[in-house]
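Peer 1: Predicted model follows, preceded by the sequence.
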Amino acid sequence: MAISTVHQASTSISQCTYHVFLSFKGVDTRKNFTDHLYTALVQVGIHTFRDDEKIERGKNTKDEILKAILHESKMSIIVFSKDYASSRRCLSELVKILEHRKSSQYIVLPVFYDVDPSQVKKQTGSYAEAFARHEGSIKSEMNVVQRWRDALKEVADLGGMVLRDRYESQFIQDIVKHVHNTLQSNALYLPPYLVGIDSPVTRINWWLEENKVRIITICGIGGIGKTTIAKIVFNQNIQRYEGYSFLADVRERSEEGYGNLCKVFEVKELAYNESLQLFNWYAFGKGSITESFMEYSSKIVKHCSGLPLALKVLGSSLSNRSMSVWKSALEKLEAILDSKIQKILSISYNSLQDDHDKNLFLDIACFFVGKDRDYTTTILDGCDFYTTVGIDNLIGRSLLFANEKNKLMMHQMVRDMGREIIRQESSDPGERSRFWDREAFDGSETIKCLAVDMQGLLEHKSRRTTTSLPFAKHSKNGFMKSNEVYTESEAFAKMRRLKLLQLDYIKLNGDFKDFPKGLVWLRWHGFSQQSLPMKFDIKKLVVLDIRNNNLKRVWKGTKWLSNLKILNLSHSHGLLKTPIFTGLPSLEKLMLKDCIKLIEVDQSIGELKKLTFLSLKTCKNLMKLPRKIGLLLSLEVLILSNCSRLGDIPWELHNIKSLRVLNLDETSVHQSKSWISFPPLKRSKELSFFWAFLPCNLVKLSLESCKLSDDIMPSDLGSLPLLKCLNLSRNPLCSLPESIKSLTKLDELRLTSCTKLQVIPKLPILSDFAEIYLSTSPVTIMLTNLPRLFYSKQCIIFGCERLTEVQEVFQLEPIENIEAKELKSLFNMESIYGNIQVQLYNSLTDTKIIDIPQVILIC
């Protein structure tokens, strides 16, 4: 561990209020060069006096400047610009600075911004013109003018720093470095270009000001800028302390014992515009870019995904290089991570406690970025990982995070770092432990994970004309494009350790007896065979995902897969009947979405005692469900939306007390006759619909576009006391039952495009985050508790063109119904009745109507 330590200040510089006095001609450079120089000095901890900010109001400016020069600064930087000599103040300051230099160890650094030192020394050009004006205006003080001339000659002889044709940004950094070295400052040196750090630095400094005990943790992935931010904060605060130190490259942290005294600040990636600006500074020495390099710059910046280290390394490496080099560098970047970036990013990986977490990281980096966290946990638990705690460890090291949709996400460069670790295992891809690449190889016993997405590969290799898998016995030339993508089954014979396999849109030639028998995850989109072969040994599978297949039958008879937890057969367009489920005792999720020819769900589905999720969405030919579905006592989510011919919902559904979400959108449940066999309903008034045998613990119910009318709606909704979300959109309802007020937990009510809706009764008192959607519903009576809804998160009733009253808010009445004396005194009422029509705009509902004049009565 490298440690940089700064001990208690004892040098003379620590006795000065300022490190540097900055002298300049304000009009010339105040808002550009001098401002940039001042900012750069301050950022590296060089405390700098600038007269526009440091002098308190009411104090004598001349005296304060003299004080800053003689007593409170260690060094002066004099910025000579074209118009510098026209300022008597600047020239007088210069004389004082040089006098102080002669009587002490005061340091003077001339900076020649847009003038040459010879012009300053000889007073030619704009300097000659300035002195001509001085001599004409103060003839009685020619001795003062002569002192100014002598001072300019003296300071020019000191040498100093000259801009000439250099970039200003680099010139400023050279000045800062020179000042830093000259003063031997305790401040820490910073990178030359800083972008996007103002916000985190400001937040940390504010927290330091507000808290007496100051323990701060700055976290983020390697190369994100943690050390840079820490250095800036250190530089900007060291003058407040008698003693201070800076420890660099500290990789371990402990908050034990500090409790609430420790504040954690997480550093986020740069935004795209900030990234482009930082990259351009390093690549071109300026924040902008030439048009010819824009395409490559944009691609590189996007690949860096806001990581400052990567932007700095790549920008510097491409500076002053040809466009052909840029193109080659971009192609290399997509395949191999830069070694400097790899070294920094690997620090977090190498600091992981054990091989368990390292291998877990590599599996996720190679195969599961963007995948659902629970889905990934299910698979990797089957590979003998302790996935839950392992993922938490990776998140703690900023190597991984879960987004708002519970997807596992990873910075692009961190993922590349993980894949580079695998690439470095062997120069032969076939000898590596994991494979996801496009290059040719022959599989070996070392490979544990293999992923090939043929659709993606065909897009990548679109210029080619034929295709064969890279590990096919006869193939050494990579992927080619063709209508038939194939490989020989014997290619898998050596892969005995293979556990994770993705073979999207691959046709297999040969016998499945050579297939690895230890597979835990098999994803084979576009599976080409009409059923799973008998010799296909997949008894250890935890997840089987064979979407978009050619299956006519999944398997013959009973298939014993005791470990299988997730089965995805979605988009099986040739499947007529589900498989027998008897041999799947551990199954938790079953997806049969878009099986458009499916007409039968096997009765054995009732044996799936652990099933929590079932989707039959868009099974357009499915007309009924087996009554054994009522035996799914662990089922939580049932999706039947767009099963347009599904009319009969078995009354046994009522037995599933665990069911929380039921989606019946675009089904024919309004035609259901299942109630006939349900004894409690034989004499009930609810014979027209199935509401009474809906599971009582439902939290979310969606019945959009189900052709529900008033006579189908029940008079009593009290059987669903836990309901939080009810969607009745696009149904021909004229009113809702009064009993809706009994749904006291209702948070969301959707009535979008209920074009016949006229009456909404009093709703339950909704929570602070309740939402109501009434778009294009022509409500004509009233929303009796809409005032309360106005305080909710959302209240959308657009399109309710006949809404005329909101109780306790307003009432809209035709003017002819009003007898108020005030109106009669303002208008000739008889001339209005029946003769005038106006366009009325309702901003509440965003509608317009043509009608006689109306009066708004404020309640």
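Peer 2: Looks like it arrived, so ask away.

Peer 1: looking at the protein, which helix or strand does the model trust least?
Peer 2: Lowest on mean pLDDT, DSSP states H and E among the helices and strands of the chain sits strand 794-796, with a mean of 39.

Peer 1: bridging residues for residue 504?
Peer 2: When bridges are called by DSSP bridges, residue 504 pairs up with residue 453.

Peer 1: Let me know whether my guess that residue 316 is in a helix holds.
Peer 2: Yes: the assignment for residue 316, made by DSSP: H, G, I helix; E, B strand; the rest coil, places it in a helix.

Peer 1: i'd like the first residue to be 37 from this point on
Peer 2: With 37 as the first residue, the last one maps to residue 352.

Peer 1: and it, what does it touch?
Peer 2: By C-beta atoms under 8 Å, 6 or more residues apart in numbering, the residues touching residue 352 are 318-319. (Each C-beta comes from the backbone N, C-alpha and C, glycine too.)

Peer 1: Against residue 469, how distant is the residue lying closest to residue 357 once chain neighbours are set aside?
Peer 2: Spatial nearest neighbour of residue 357, excluding adjacent residues (C-beta to C-beta, 6 or more residues apart in numbering): residue 365 at 7.8 Å. Distance of residue 365 to residue 469, given as C-beta to C-beta, to the nearest Å: 28 Å.

Peer 1: Just the CA trace of stretch 423-438, in CSV.
Peer 2: Coordinates of each C-alpha in stretch 423-438 appear next as CSV, following Å, rounded to 0.1, in the frame of the first residue of the first chain:
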residue,chain,number,x,y,z
THR,A,423,-25.4,-16.2,-4.3
THR,A,424,-27.4,-13.9,-2.0
VAL,A,425,-24.4,-13.1,0.3
GLY,A,426,-22.0,-13.1,-2.7
ILE,A,427,-24.0,-10.5,-4.6
ASP,A,428,-24.1,-8.3,-1.5
ASN,A,429,-20.4,-8.5,-1.3
LEU,A,430,-20.0,-7.5,-5.0
ILE,A,431,-22.3,-4.6,-4.5
GLY,A,432,-20.3,-3.6,-1.4
ARG,A,433,-17.2,-3.5,-3.6
SER,A,434,-19.0,-1.4,-6.3
LEU,A,435,-18.5,-4.2,-8.8
LEU,A,436,-22.3,-4.7,-9.2
PHE,A,437,-25.6,-3.0,-8.5
ALA,A,438,-29.3,-3.8,-8.9
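
Peer 1: Buried residues of it, list them for me.
Peer 2: 423, 426-427, 429-430, 433-436 (16 or more other C-beta atoms under 10 Å).

Peer 1: can you give me the helices in the stretch 687-836 of the chain?
Peer 2: For the stretch 687-836 of the chain, the helices defined by DSSP state H, counting those that start in this stretch cover 822-825.

Peer 1: So, low pLDDT: which residues of it?
Peer 2: 708-726, 728, 801-836 (pLDDT under 70).

Peer 1: Is residue 666 in contact with residue 693, as I believe?
Peer 2: No: shown here, residue 666 and residue 693 do not form a contact pair, counting by C-beta atoms under 8 Å, at 10.6 Å.

Peer 1: Of those two, which one has the most company?
Peer 2: A direct count of neighbours by other C-beta atoms under 10 Å for residue 666 and residue 693 places residue 666 higher, at 19 against 10.
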